[in-house]
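what's the 3D shape of this:
(2 chains)
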Amino acid sequence: QKEVEQNSGPLSVPEGAIASLNCTYSDRGSQSFFWYRQYSGKSPELIMFIYSNGDKEDGRFTAQLNKASQYVSLLIRDSQPSDSATYLCAVYQYNNNDMRFGAGTRLTVKP
Amino acid sequence: GAVVSQHPSRVICKSGTSVKIECRSLDFQATTMFWYRQFPKQSLMLMATSNEGSKATYEQGVEKDKFLINHASLTLSTLTVTSAHPEDSSFYICSAPRFGRGPSYNEQFFGPGTRLTVL
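Numbers count the residues shown, from 1 in each chain, chains lettered A, B, ... in the order given. A predicted model of the protein is given here:
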């Protein structure tokens, strides 16, 4: 059974702090990794993707991938109340055309 | 950027009726589309993979005779919930991948979702 696991939270951080979201996956054949943000009642929107080991930065967001540990994380710097949402980790395997989502971590940024 | 549309955005129907949901990729071709279902406060659950020109692949536990999928063209997939019941009430979301930059990269574009309420 392929699994993508996330801490469901809720994760609460004060405004301006760094929020750290974690995700582990079980399928070593996974090739691409995505972080989506989903506001209540809306469909997910892509924040970042990463497919090479290491860090990838985009504005206030940094994705970190460690394929050996089967671990991917998302850091949000200078968290804002508007960042309050559920963050979904998704793992894609190209050969199987298989995309799996974690259960999501609910983040609350308090003013 | 790429856009995926869904229609209708919201539907309310009586128990026993069938409901069709359309998913369209507006500015790219999608040989594959994914259909998800999301219950309140739960994550996306993959229901099936829709393949243009061939049968859909259903996830374990998803009844293919109840959730009919037709991938009629490279830009359109439809999901029909047949004989809907109140327990089918959910948020249905489609997504379409756009391939690029080699096999290690794949971006999923999500439709806005369809909220189905079965009375």
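
so which residues on chain A come close to chain B?
A:31-32, A:34, A:36, A:41-46, A:49, A:51-52, A:88, A:90, A:92, A:94, A:97, A:99-104 (CB under 8 Å from any CB of the partner chain). (C-beta placed from N, C-alpha, C; glycine too.)

now, those that are in strands?
Judged by DSSP state E, strands contain the following of the residues of chain A next to chain B: A:32, A:34, A:36, A:45-46, A:49, A:88, A:90, A:92, A:99-101.

save these as TSV, and put in neighbour count and distance to B:P40 too.
Formatted as TSV, those follow (neighbours: other CB atoms under 10 Å in any protein chain shown; distance: CB to CB, whole Å):
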residue	neighbour count	distance to B:P40
A:S32	21	29
A:F34	25	23
A:Y36	25	18
A:E45	13	19
A:L46	16	23
A:F49	21	27
A:L88	25	15
A:A90	24	20
A:Y92	22	26
A:M99	24	22
A:R100	18	21
A:F101	23	16
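
pLDDT-wise, what's the bottom of these?
Lowest-confidence member of these: A:M99, scoring 76 (pLDDT).

would you mind measuring from it to A:F61?
Plainly put, A:M99 is 20 Å away from A:F61 if you go by CB to CB, to the nearest Å.

what packs against the lowest-mean-pLDDT helix or strand in chain B?
Lowest by mean pLDDT, DSSP states H and E among the helices and strands of chain B is strand B:106-110, with a mean of 78. Applying 3 or more CB pairs under 8 Å, 6 or more residues apart in numbering or on different chains; DSSP states H and E, one finds that strand B:106-110 contacts strand A:32-38, strand A:45-50, strand A:85-93, strand B:90-99.

quick check: the farthest pair among the ones in strands among the residues of chain A next to chain B?
A:E45 and A:R100 (18.1 Å; CB to CB).

which one of the helices and strands packed on strand B:106-110 lies nearest to B:M45?
Comparing these under CB to CB, the one sitting nearest is strand B:90-99, at 9.1 Å.

show me where chain A dips below the pLDDT cut-off.
Applying pLDDT under 70 to chain A picks out residues A:1-2, A:94-97.

nearest spatial neighbour of the spatially most central residue of chain B, skipping sequence neighbours?
Nearest residue to the geometric centre of chain B (CA atoms, centre = their mean): B:W35, 3.1 Å. Nearest non-adjacent residue to B:W35, counting by CB to CB, 6 or more residues apart in numbering or on different chains: B:M47, 4.6 Å away.

which element follows the host helix or strand of the one you found toward the C-terminus?
Assigned by DSSP states H and E, B:M47 belongs to strand B:45-51. Later in the chain than strand B:45-51, the nearest helix or strand by DSSP H and E is strand B:57-58.

that next one: partners in the sheet, and parallel or antiparallel?
strand B:45-51 (antiparallel) (DSSP bridges).

could I have the strand it pairs with exported to PDB, CA atoms only?
C-alpha atoms of strand B:45-51 as PDB (Å, rounded to 0.1, in the frame of the first residue of the first chain):
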ATOM      1  CA  MET B  45      -9.200  10.600  -2.000                       C
ATOM      2  CA  LEU B  46      -8.300   9.400  -5.400                       C
ATOM      3  CA  MET B  47     -11.300   7.700  -7.000                       C
ATOM      4  CA  ALA B  48     -10.100   6.900 -10.500                       C
ATOM      5  CA  THR B  49      -7.700   7.700 -13.200                       C
ATOM      6  CA  SER B  50      -9.400   8.600 -16.500                       C
ATOM      7  CA  ASN B  51      -7.500   7.700 -19.600                       C
END
